[in-house]
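Asker: Structural data only, the sequence is not supplied:
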């Protein structure tokens, strides 16, 4: 059954050149709003912030 939801997965590369999942978010179909929330959450977790 289709629910009209979006799944966003943020993936990064670590020091050993391996992919790591940085974040995962499920939400409605308002992609711009979801992307902003996901990026802001990841920026807050970043070691340089």
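Answerer: Received, thanks. Note that this is a predicted model, so its numbers are computed, not measured.

Asker: got a list of what the residue most central in space within the chain touches?
Answerer: Nearest to the mean C-alpha position of the chain, by Cα atoms, centre = their mean, lies residue 10 at 3.6 Å. By Cβ atoms under 8 Å, 6 or more residues apart in numbering, the contact list for residue 10 reads 21, 22, 23, 24, 38, 39, 42. Bear in mind the C-beta positions are built from the backbone N, C-alpha and C, glycine included.

Asker: one more time with 6 Å
Answerer: Contacts for residue 10 (Cβ atoms under 6 Å, 6 or more residues apart in numbering) come out as 22, 23, 38, 42.

Asker: for residue 17, helix, strand, or coil?
Answerer: Secondary structure, DSSP: H, G, I helix; E, B strand; the rest coil: residue 17 is coil.

Asker: Need phi/psi at it.
Answerer: The phi/psi pair for residue 17 (degrees, to the nearest 10) reads phi 60, psi 30.

Asker: And residue 38, which helix or strand is it part of?
Answerer: helix 31-45 (DSSP states H and E).

Asker: Which parts of that helix count as buried, going by neighbours?
Answerer: Neighbour counts over helix 31-45 (16 or more other Cβ atoms under 10 Å) mark 34, 38 as buried.

Asker: And the contacts of that helix?
Answerer: The contact list for helix 31-45, computed with Cβ under 6 Å, 6+ apart, reads 6, 8, 10, 22, 23, 25, 27, 49.

Asker: now that helix: mean pLDDT?
Answerer: Across helix 31-45, the average pLDDT comes to 74.

Asker: next one: that helix to chain centre, how far?
Answerer: 7 Å (Cα atoms, centre = their mean, to the nearest Å).

Asker: Next: stretch 27-36.
Answerer: The gap between where stretch 27-36 is centred and where its chain is centred comes out at 11 Å by Cα atoms, centre = their mean.

Asker: Report how far apart the opening and closing residues of that stretch are.
Answerer: Stretch 27-36 has an end-to-end distance of 12 Å (Cα to Cα, to the nearest Å).

Asker: Which strand or helix spans residue 7?
Answerer: If you go by DSSP H and E, residue 7 is part of strand 6-13.
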